[in-house]
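S.K.: Please find the sequence and the predicted model below.
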Amino acid sequence: MHSQPAVLFKRKTLDIVVTGLLTLGLLTLSILSFRNHSGPWAAAGILLGVITLLMAARLCIAVRKPYLDLTDNRVTVYSGLFPKANHYSLEHIQGAHTNRPETYIELLGREEDKSVRIDLHPLDKADRIRFIFLVESSINRKFSHKHR
C-alpha cells in the first residue's frame with residue numbers, strides 16, 4: 001500500500017499575528033510600568049513581564065508546531081495553552097462525520113467512547129476542507145484495501 005507523507009496543517013496566520021501583537025503590547029506595558037518607580041507600578045510591571053514571557057513562549061510553540069499532523073495511520077492534534085500532542089490512531093476509526101465543516105470533524109470509532117471530535121477553528125478555511133478530504137480518503141482507502 002502506498003503511504004502518504006505526513007501532511008502538516010498550520011494555525012491561521014491571523015491568530016499568530018494577533019498573539020504576536022498582544023505579546024508586543026504586553027511587553028510595552030511592562031516596560032512602561034517599570035519606568036514609574038512606585039511600588040504598585042513595579043508589581044504590575046513584574047506581573048505583565050511574566051505574562052509577556054508566557055505569551056512569547058506560546059507564540060514560539062504555535063509558530064514551530066503545526067495544529068494538525070496527518071499520516072496514513074494517525075492524526076496528531078497539538079492543543080492547549082502550551083500545545084501538547086494528542087495522537088489518534090486511524091486504525092480504530094470507522095468513519096468521519098461533520099455537519100459543519102467550518103467548526104469540527106468527528107472521527108467515529110468502533111465504540112462510542114473511541115470517537116474523537118477535532119476542532120477545526122484554528123485552521124484556514126481551505127485547510128479545513130483539505131483536512132476533511134484527506135481524513136475521509138484515508139478511511140475509505142483503509143476499507144477498500146480490507147475488502148479486496
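M.R.: Perfect, thanks for sending it.
S.K.: What helices and strands are in contact with the longest helix along the chain?
M.R.: Longest helix of the chain, by residue count under DSSP state H: helix 39-64. Packed against helix 39-64 by the contact rule (3 or more CB pairs under 8 Å, 6 or more residues apart in numbering; DSSP states H and E) you find helix 13-35. For every residue, glycine as well, the C-beta is placed using N, CA and C.
S.K.: What does the one residue sitting closest to the centre of the chain show for phi and psi?
M.R.: Residue closest to the average C-alpha location in the chain (CA atoms, centre = their mean): Y67, at 3.0 Å. Backbone dihedrals for Y67, given as degrees, to the nearest 10, come out at phi -80, psi -40.
S.K.: Next, the contact list for it, please.
M.R.: F9, K10, R11, V77, Y78, S79, P83, P122, L123 (CB atoms under 8 Å, 6 or more residues apart in numbering).
S.K.: what stretches of the protein score poorly on pLDDT?
M.R.: 1-5, 101, 112-113, 143-148 (pLDDT under 70).
S.K.: can I assume I61 is in contact with F82?
M.R.: Yes. Look at I61 against F82 with CB atoms under 8 Å: they come within range, at 6.1 Å.
S.K.: Comparing these two, which residue is more hemmed in?
M.R.: I61 (15 against 11; other CB atoms under 10 Å).
S.K.: could you measure the more buried one against T13, distance?
M.R.: 16 Å (CB to CB, to the nearest Å).
S.K.: same check, this time on A85
M.R.: 22 Å.
S.K.: which helices and strands sit right next to whichever strand or helix holds H87?
M.R.: For H87, the element it lies in under DSSP states H and E is strand 84-89. Judged by 3+ CB pairs under 8 Å, 6+ apart, the packing partners of strand 84-89 are strand 74-79.
S.K.: What strands line up against the strand it packs on, and which way round?
M.R.: Paired neighbours of strand 74-79 in the sheet (DSSP bridges): strand 68-70 (antiparallel), strand 84-89 (antiparallel).
S.K.: F133: which of those is closest?
M.R.: Counting by CB to CB, F133 lies closest to strand 68-70 out of these; the figure is 10.7 Å.
S.K.: what sits up against that closest one?
M.R.: Strand 68-70 is contacted from outside by 6-9, 75-78, 118, 123, 131, 134-135, 138, using CB under 8 Å, 6+ apart.
S.K.: Go again with 10 Å.
M.R.: Contacts with strand 68-70, where a contact means CB atoms under 10 Å, 6 or more residues apart in numbering, come from 4-11, 75-79, 85, 87, 90, 118-120, 122-123, 127-128, 130-131, 134-135, 138.
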